[in-house]
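Asks: next come a sequence and a model predicted from it.
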Amino acid sequence: MYGLPVAAGPRDCPTRPATAPEAAPSIALTLSTSGFYDTHAHLDYPDFKADFDQMLERARAAGITRIISIGTDLDSSRRAIALADRHEMIYAVAGWHPSHAHEAPDDLRDALRGLAKHPKVVALGETGLDYHWLPSRKPAGTTADDERHKLKQADLFRQHLEVAAETGLNVVIHQRDSFDDTLAQLKPFADRVRGVFHCFGENVERMRQVMQLNSLVSFTGIVTFKNGQTVRDTTAAAPADRFMLETDCPYLAPVPYRGKRCEPAFVKEISEVVAQARGCSREELSAITCATAGSFFPKLRQG
Ligand SMILES: [Zn+2]
């Protein structure tokens, strides 16, 4: 639990005398409204099977009020939706991750249209381009395989963007070593679809390029890493209405949990570092990041 800001005390409230007996509950209410959302988690992964309910309990105790579980293929998306059906605080994003592009059907669009109808599917993804893990990194892979893989990724990314434009949803974007190509592919859709460049680890200039396309970024536990100064600088420079917070769990646990399994409760540690980098309070950070998530994910009910 973080400290109460001085101004939140009942003595500073002009409409309520300091001696009013109901003053204490109003403090609790002030605190409970400054929660955070984990806008990118993979709750359907087997990593959470053994302690799922306790993991959600720890998230609630840490002030996390919404978790968006991101699909990485159709089965994973369906599992994310099933979790959203069972738990009020969980929402889902449906899509096919670029790293698994080679396993995807040629045409995903009908499946995406179907999943997009679910009331708790708040965006499509994660989709995009990943040039880091290409087939030629494996012994049997060739550069011709790389080219085929890149073409398939680009085709699937375009399909997500098309269905997003049709359905009025936005997209959750994964890019790795492919920044320029990802922006170029998003650009023709930028008047209809916004993207969140998740797990953003780039510099301020690149963040501005994302924002020129009316898109936004989200920050993970990388902001807490010793070698994370670039992204801390980006965090400090981000316009108040253009960024969100996420864990990308089970990956990327923030300090002091680095190297362990990550979970949604750790948005708390991320929020502390982001608030410090921006020179604002956690209450203010809560208000701006939750408002941004509410406008980016139109079906997300604020809480
Ligand atoms: Zn992810």
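Replies: That came in fine, so what should we check first? Numbering: from 1, shown residues only.
Asks: please, where are all the helices along the stretch 201-303 of the chain?
Replies: Remark: helices assigned in the stretch 201-303 of the chain by DSSP state H, counting those that start in this stretch are 204-212, 229-237, 267-278, 282-296.
Asks: what's the third one packed up against?
Replies: Here helix 267-278 is seen to pack against strand 36-41, helix 229-237, strand 243-245, helix 282-296 when contacts are counted using 3 or more C-beta pairs under 8 Å, 6 or more residues apart in numbering; DSSP states H and E. Using the backbone N, CA and C atoms, a C-beta is placed for each residue, glycine as well.
Asks: and the second one, which residues are buried?
Replies: Neighbour counts over helix 229-237 (16 or more other C-beta atoms under 10 Å) mark 231, 232, 234, 235 as buried.
Asks: now, the most widely separated pair of these?
Replies: Comparing every pair within the buried residues of helix 229-237 by C-beta to C-beta identifies 232 and 234 as the most remote, at 7.3 Å.
Asks: list the contacts of residue 65.
Replies: Contact partners of residue 65, counting by C-beta atoms under 8 Å, 6 or more residues apart in numbering, are 35, 36, 37, 89, 303.
Asks: distance from the chain centre to stretch 296-303, please.
Replies: Relative to the chain's own centre, stretch 296-303 is displaced by 13 Å; criterion: C-alpha atoms, centre = their mean, to the nearest Å.
Asks: now it: average pLDDT?
Replies: On average, the pLDDT along stretch 296-303 is 93.
Asks: so for residue 118, which of the helices of the stretch 201-303 of the chain sits nearest?
Replies: Between the helices of the stretch 201-303 of the chain, helix 282-296 lies closest to residue 118; by C-beta to C-beta that is 17.7 Å.
Asks: which of the helices of the stretch 201-303 of the chain has the highest mean neighbour count?
Replies: Most buried of the helices of the stretch 201-303 of the chain, by mean neighbour count (mean count of other C-beta atoms under 10 Å): helix 267-278, with a mean of 21.
Asks: okay, the angle between that one and helix 282-296?
Replies: Counting by axes from the mean of the first three to the mean of the last three C-alpha atoms, to 10 degrees, helix 267-278 points 110 degrees away from the direction of helix 282-296.
Asks: which of the contacts of residue 65 are buried?
Replies: 35, 36, 37, 89.
Asks: in stretch 173-193, what counts as buried?
Replies: 173-176, 178-179, 181-183, 185-186, 189, 193.
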